[in-house]
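Colleague: Give me a model of this one.
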Amino acid sequence: SSGFTGAFNGNNYEISNLYIRKSSDYLGLFGYSTGVISNVKLVDVNMIGFGSDVWWRGILVARQVGGSITNSSTTGTLLVDTGPTAALYIGGLIGHMKDGSLTNSYSLAHIIVTGSSNERIGGLVGFQESGIISSCYFGGDVNGRVSVGGLVGHQGQTLSATIINSYSDGVVSGVSQVGG
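Modeller: Below is the predicted model:
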């Protein structure tokens, strides 16, 4: 999937009361991005995802491969209901991050994941496979089962997944592999 490949500057305007409900692979304002996204403010989002396949869920970007996201934020609710065999990547800003960067951004979202198979759930990024997160924070709440974190639900096991000057003061809850 090639997805979004260009440059999008939100000019710090607010996109408010966005409602998205779907069950396809990519759920987010941008489903799949290799582009440059900046100055986007998503306010009071209501996003609902459901299904039983492998899929990516992020309020701003479902799956980021390369590219960059800067000066962007999200508030609202991301509700995901999973099936028993789903492999998930769910985040308040990005569902799955591979390469690229996330800079000077934050999420105050409420992330709720229900169902028997839910994992890699983060306040900012669900799964940071690689790439750099810098000067970001999470201040909402996230609730899932496995690999649940305030900043990142699950981080890749390579040196190419880096977090710098970022923090979480949100509420995080889960069953196992839970961190702030």
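
Colleague: The helix or strand hosting Arg63: how far from the chain's middle?
Modeller: Here Arg63, judged by DSSP states H and E, is contained in strand 61-65. Relative to its chain's centre, strand 61-65 lies at 8 Å (CA atoms, centre = their mean, to the nearest Å).

Colleague: average model confidence for it?
Modeller: If you average the pLDDT over strand 61-65, you get 96.

Colleague: The helix or strand following that strand pairs with which strands?
Modeller: As assigned by DSSP H and E, the chain's next helix or strand after strand 61-65 is strand 68-70. Under the criterion DSSP bridges, strand 68-70 sits next to strand 36-38 (parallel), strand 101-103 (parallel) in its sheet.

Colleague: Can you give the contact residues for the strand holding Arg63?
Modeller: Applying CB atoms under 8 Å, 6 or more residues apart in numbering, the contact partners of strand 61-65 are 3, 25-34, 37, 55-56, 58, 69, 89, 93-100, 102, 131. Placement of C-beta: from N, CA and C, glycine included.

Colleague: In JSON lines, list the strands paired with strand 68-70 along with mean pLDDT, mean neighbour count and distance to Val171.
Modeller: Below are the strands paired with strand 68-70 laid out as JSON lines (pLDDT from 0 to 100; neighbours: other CB atoms under 10 Å; distance: least, CB to CB, whole Å):
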{"stretch": "strand 36-38", "mean pLDDT": "98", "mean neighbour count": "21", "distance to Val171": "27"}
{"stretch": "strand 101-103", "mean pLDDT": "98", "mean neighbour count": "22", "distance to Val171": "21"}
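
Colleague: export those strands to TSV and tack on distance to Gly153?
Modeller: Output for those, formatted as TSV (distance: least, CB to CB, whole Å):
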stretch	distance to Gly153
strand 36-38	21
strand 101-103	14
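
Colleague: give me the number of residues near Arg21?
Modeller: Residues contacting Arg21 under the criterion other CB atoms under 10 Å number 11.

Colleague: can you check Asn12 too?
Modeller: Counted with other CB under 10 Å, Asn12 comes out at 12.

Colleague: returning to what we had before: out of the contacts of strand 61-65, which sit inside strands?
Modeller: Cross-referencing those against strands under DSSP state E gives 26-27, 30-33, 37, 55-56, 58, 69, 89, 94-98, 102, 131.

Colleague: from the residues you listed, which would you call buried?
Modeller: Among these, those buried by neighbour count (16 or more other CB atoms under 10 Å) are 26-27, 30-33, 37, 55-56, 58, 69, 89, 94-98, 102, 131.

Colleague: wait, which of the strands paired with strand 68-70 is closest to Ile48?
Modeller: Evaluated over these, closeness to Ile48 peaks at strand 36-38, with 22.4 Å, by CB to CB.

Colleague: Could you double-check that Gly58 sits in contact with Ser105?
Modeller: No: Gly58 is beyond contact range of Ser105, at 11.8 Å (criterion: CB atoms under 8 Å).
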